[in-house]
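Engineer: Here is my input, please return the structure:
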Amino acid sequence: MAMTRDISPDIGKIRLLLTQPHNCSYLSDQQATTAFVDPDAPMDTQLYAQLSTMGFRRSGPYLYSPFCKACNACISARIPVNQFRANRSQRRCLKRNADISITPVDSISFEEHYPVYENYISERHNGGDMYPPSRGQFEQFLVNKWGCTKFLEFRLDGTLIGTAVVDQLPTALSAIYTYFLSQHSGRSLGTLAILFQIELAKKLSLDYLYLGYWISDCQKMSYKAKYKPLEILQENTWQLSE
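Structural biologist: Got it, this is the predicted structure:
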């Protein structure tokens, strides 16, 4: 089903495509509807950035936002990086992973990266929408055609153990996805990835790190509230969360 909705006076009318209601991936008792920006619409990083400020996210070649009638639990969240201060647990994470080298690269070897991604999905998300993993899914999900994606490679003694995928926008980084080998789960590499992206945003003189959607009643999303200060989007206005 398609619809046209004026979502911003500056952007003009953007055609959104709505999915049929389906089981929510995050809240088991809810039905979800997702709005996708028309994939044939002209897109660049400036427009992508504007849509990000309005709560849209990227998945592969698509920009999307929840469009659920009966639920508003998905709340866009971002970190104002220059105000962020790591808490004790986050500082311990940095210390514990001092032996890991993290290198931003513009492209990756799919032959090296896919086994890490496959292990991550199979071991940690085998009940989710992305299981079973496939090479085609991997390539489509992570790469976009607007040339703004970077890959933060995590290496231990030269061996790839994980990667954080991030998009660089004019005033922000947008955290897209992180995957890592399951045997290193005790290192809290997801936390390490966010902490590194905060520092990278500062080095690039950017203002924010977008974290995607914060869902207070979903354990796998509630961790985002641990990053302070955290801004959330409510009633089309970014404000500090309590």
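
Engineer: How is the protein partitioned into domains?
Structural biologist: 2-74, 78-240 (automatic domain parsing).

Engineer: Could you dump those into TSV and include mean neighbour count and mean pLDDT?
Structural biologist: Where C-beta positions appear, they are placed from N, C-alpha and C, glycine not excepted. Below are those laid out as TSV (neighbours: other C-beta atoms under 10 Å; pLDDT from 0 to 100):
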stretch	mean neighbour count	mean pLDDT
domain 2-74	15	85
domain 78-240	16	94
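
Engineer: What backbone torsions are found at the residue sitting furthest away from the middle of the chain?
Structural biologist: Largest separation from the mean C-alpha position in the chain: residue 157, at 27.2 Å (C-alpha atoms, centre = their mean). With angles defined as degrees, to the nearest 10, residue 157 sits at phi 50, psi 40.

Engineer: hang on, residue 184 is in a helix, isn't it?
Structural biologist: Yes: according to DSSP: H, G, I helix; E, B strand; the rest coil, the state of residue 184 is that of a helix.

Engineer: Was I right to think it contacts residue 161?
Structural biologist: Yes: the pair residue 184 / residue 161 is scored as a contact, 5.3 Å apart, by C-beta atoms under 8 Å.

Engineer: now the residue farthest from the centre of the chain: how far from residue 112?
Structural biologist: Separation of residue 157 from residue 112 (C-beta to C-beta, to the nearest Å): 15 Å.

Engineer: same question, residue 35
Structural biologist: 35 Å.

Engineer: Excluding chain neighbours, give the residue nearest to the residue most central in space within the chain in space.
Structural biologist: Nearest to the mean C-alpha position of the chain, counting by C-alpha atoms, centre = their mean, stands residue 176 at 3.0 Å. Take residue 176 and drop its neighbours on the chain: the residue closest to it by C-beta to C-beta, 6 or more residues apart in numbering is residue 165, 4.3 Å away.
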